[in-house]
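Trainee: Okay, sequence plus prediction incoming.
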Amino acid sequence: MKRIPYGQYAPDLPPIVAQESLIKAQNVVPINGGYGPLGGLSNVSGADALALYCRGAIGGIDFGGNPYNFAGDQNDLYTILEGGSDEISKTTGGYDTSLEGRWEFAAFGETIIATNYADDVQYFNIRGSTEFADISGLSIAPAVPRARHLGVIDNFLVLGNIYDNEIGTHPEAISWCGINNPLSWPERGTDGAVAVQSDRQILEGAGGWVQAVVPGSEVGAIFQEHAVWRMDYVGGDVVFALRRVEPNRGLLIPGLAVPVSRWVFYLSEDGFYLFDYTSSKPIGKDRINETFFADYDADYPDRVSAIRDPDSTRLFVLYPGSGNSSGTPNKMLIYDWALDQFTHAEIDAEVLTWAIAPGVTLDSVGTPSDPDVLGTNPGDGSDDDPPGDETFDIRVASAGGLTLGAYDTAHILSDFSGANLAGTLESGDVEMTPNSRTFVNEVRPIVDSADATIQVAATKRKNESFTYCPISKQDDDGKCPVRVDGRYHRFRTNLPPTFTNAVGIDVGGRPSGRS
């Protein structure tokens with residue numbers, strides 16, 4: 001028998017070149033040495049939903065250890081509570097997000113900032129607010145612009161692609177608040193603005209619209225359509241030193257720039273890259289770029305969202321692909337930056353976000369969904385129990401508290417803790433016997449599930465189409481009997497939701513002559 005490991009997912013390669021790779025890795029995630037399962041969506045917020053399609057969201061944990069989830073649709077902003085969604089738009093009414101618009105959120109300490117460009121930038125204090133409000137309504141913010149994009153760089157809230165009363169519409173400009181205060185926006189050039197280091201910068205050159213403001217500590221990145229700028233905090237009268245480090249490459253889809261470790265994952269017109277704040281490294285060439293561009297529905301760039309998983313080294317890109325319904329995303333690209341591997345998935349959702357189950361707090365009473373775990377010297381929870389006797393609310397305090405989430409097609413906050421999805425792994429064109437046909441009669445999936453099945457296809461010439469044989473189940477020895485003859489073989493492994501790791505296949509056969 002010949003062992004064929006499951007290689008990297010590289011559908012852009014010609015199938016004969018990709019015989020050591022995969023042309024399909026669907027509904028799985030990369031793991032060291034193989035592939036693991038991807039969970040489906042599971043409701044974490046109850047029955048009540050946003051009124052309309054979700055156009056942006058944020059989730060996190062405040063300084064007191066309490067979870068928060070916020071989201072926006074075309075007309076309103078919401079907080080996600082246990083049992084559903086509570087509309088908390090500003091007192092003066094709803095919002096006017098355009099049909100192609102989106103909400104972007106940022107957390108600055110315990111202040112949540114939200115922008116949709118059509119309306120004034122909004123703020124909400126987690127400790128004291130009951131509804132969002134216009135920053136421009138504050139006496140310390142007479143010069144806050146409207147903005148399409150935002151991010152927190154060092155101790156400043158930075159807005160990009162702006163409109164203000166002084167300069168009008170400037171999609172190539174950025175503006176930032178007073179230091180350590182996202183609500184401080186003095187008139188530019190005044191002594192008050194200089195004192196708090198608040199300023200504005202119109203980016204020179206032909207970089208086009210600002211597409212994203214990527215957060216960072218002391219250093220951040222501004223992505224335009226055709227340029228990338230590094231933004232270093234230097235203080236003084238200069239405040240930020242701006243350096244155009246990518247003069248001819250920018251961000252294709254607004255918002256599709258995700259910070260991961262020391263890099264930023266982003267999509268340019270020629271594919272996927274990792275940016276280290278100095279230069280860009282191509283990661284999609286000859287692997288995923290062509291496949292993604294062929295599948296992505298470019299009529300709906302506002303529906304694309306991307307986020308890193310807080311519990312792993314993976315990041316996820318949700319987008320409308322072939323077969324989508326009116327632009328609702330139905331495909332997902334997954335990239336593990338530590339393993340440098342891609343996979344893909346089919347899942348219907350509106351937007352990706354970080355999520356945490358509402359109602360879980362560090363001081364709430366232990367329940368099955370919000371457990372209090374006793375330590376090595378369990379007691380009854382009374383005040384006289386020894387220190388360290390209890391670890392409260394393990395879901396918040398450890399990995400898994402803040403997790404990857406999404407708003408499903410019913411506008412309800414969900415996470416990916418649902419039942420695992422059935423997966424598929426498909427090889428390139430494998431020439432089992434050089435310069436000869438091979439009769440394949442058995443395949444053993446190296447998968448930790450007896451329910452994994454195999455299909456095989458073969459051709460004698462490269463200009464013939466492949467047709468897979470019927471599904472073959474494992475016998476008592478873990479082998480799947482097949483009868484397929486040809487020069488080039490493709491092997492499809494159908495993975496059940498019960499599997500946890502898939503490594504490769506063992507293929508048995510014999511040479512069957514030259515052709």
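Mentor: Cool, the structure landed.

Trainee: Any regions of the protein where pLDDT drops low?
Mentor: Under the criterion pLDDT under 70, the flagged ranges of the chain are 358-400, 515.

Trainee: Walk me through the domains of it.
Mentor: Using automatic domain parsing, the domain parsing of the chain gives 2-38+422-513, 52-287.

Trainee: need the helices for the stretch 1-150 of the chain, in chain order.
Mentor: Here the stretch 1-150 of the chain has no helices by DSSP state H, counting those that start in this stretch.

Trainee: and what of the chain?
Mentor: Taking DSSP state H as the test, the helices found in the chain are 191-196, 289-295, 394-397.

Trainee: Would you map the strands across the stretch 1-150 of the chain?
Mentor: According to DSSP state E, counting those that start in this stretch, the stretch 1-150 of the chain carries its strands in the segments 2-5, 22-26, 28-31, 34-37, 42-43, 57-61, 67-72, 77-81, 84-87, 104-108, 111-115, 122-125, 133-134, 146-153.

Trainee: Please produce JSON lines containing the domains of the chain, extended by mean neighbour count and distance to G327.
Mentor: Any C-beta I mention is one placed from the backbone N, CA and C, and that applies to glycine too. As requested, the domains of the chain are exported to JSON lines (neighbours: other C-beta atoms under 10 Å; distance: least, C-beta to C-beta, whole Å):
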{"stretch": "domain 2-38+422-513", "mean neighbour count": "18", "distance to G327": "22"}
{"stretch": "domain 52-287", "mean neighbour count": "19", "distance to G327": "9"}
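
Trainee: Spit out the contact partners of R200.
Mentor: The contact partners of R200, taken as C-beta atoms under 8 Å, 6 or more residues apart in numbering, are 145, 162, 164, 167, 173-176, 188.

Trainee: can you redo the strands of the stretch 1-150 of the chain as JSON lines with distance to E269?
Mentor: Shown next, in JSON lines, are the strands of the stretch 1-150 of the chain (distance: least, C-beta to C-beta, whole Å):
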{"stretch": "strand 2-5", "distance to E269": "34"}
{"stretch": "strand 22-26", "distance to E269": "25"}
{"stretch": "strand 28-31", "distance to E269": "26"}
{"stretch": "strand 34-37", "distance to E269": "30"}
{"stretch": "strand 42-43", "distance to E269": "36"}
{"stretch": "strand 57-61", "distance to E269": "27"}
{"stretch": "strand 67-72", "distance to E269": "29"}
{"stretch": "strand 77-81", "distance to E269": "33"}
{"stretch": "strand 84-87", "distance to E269": "37"}
{"stretch": "strand 104-108", "distance to E269": "22"}
{"stretch": "strand 111-115", "distance to E269": "25"}
{"stretch": "strand 122-125", "distance to E269": "32"}
{"stretch": "strand 133-134", "distance to E269": "36"}
{"stretch": "strand 146-153", "distance to E269": "19"}
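
Trainee: Just tell me which of the ones you listed ends up closest to G216.
Mentor: strand 146-153 (5.6 Å; C-beta to C-beta).

Trainee: contacting residues around that closest one?
Mentor: Identification of contacts with strand 146-153 by C-beta under 8 Å, 6+ apart yields 104, 106-108, 113, 115, 117-121, 157-164, 171, 175-176, 182, 209-216, 219-220, 231, 233, 240, 254-255.

Trainee: Among those, which lie within strands?
Mentor: Using DSSP state E, the subset of the contacts of strand 146-153 located in strands is 104, 106-108, 113, 115, 157-164, 171, 175-176, 210-214, 219-220, 231, 233, 240.

Trainee: wait, isn't K331 in contact with G321?
Mentor: Yes: K331 lies in contact with G321 (C-beta atoms under 8 Å); the separation is 3.4 Å.

Trainee: hmm, back to that, got CSV for the domains of the chain, with distance to I347 too?
Mentor: Below are the domains of the chain laid out as CSV (distance: least, C-beta to C-beta, whole Å):
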stretch, distance to I347
domain 2-38+422-513, 8
domain 52-287, 15
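
Trainee: From S21, how far off is E464?
Mentor: Between E464 and S21 the computed distance is 21 Å (C-beta to C-beta, to the nearest Å).

Trainee: Just the endpoints, please. Distance across stretch 404-413?
Mentor: Using C-alpha to C-alpha, to the nearest Å, one end of stretch 404-413 lies 11 Å from the other.

Trainee: chain center to that stretch, what's the gap?
Mentor: Put simply, stretch 404-413 sits 13 Å off its chain's centre (C-alpha atoms, centre = their mean, to the nearest Å).

Trainee: Okay, buried residues for it please.
Mentor: Residues of stretch 404-413 classed as buried by neighbour count (16 or more other C-beta atoms under 10 Å): 404-409, 411-413.

Trainee: contacting residues for D76?
Mentor: Going by C-beta under 8 Å, 6+ apart, D76 touches 50-52, 87, 89, 94-95.
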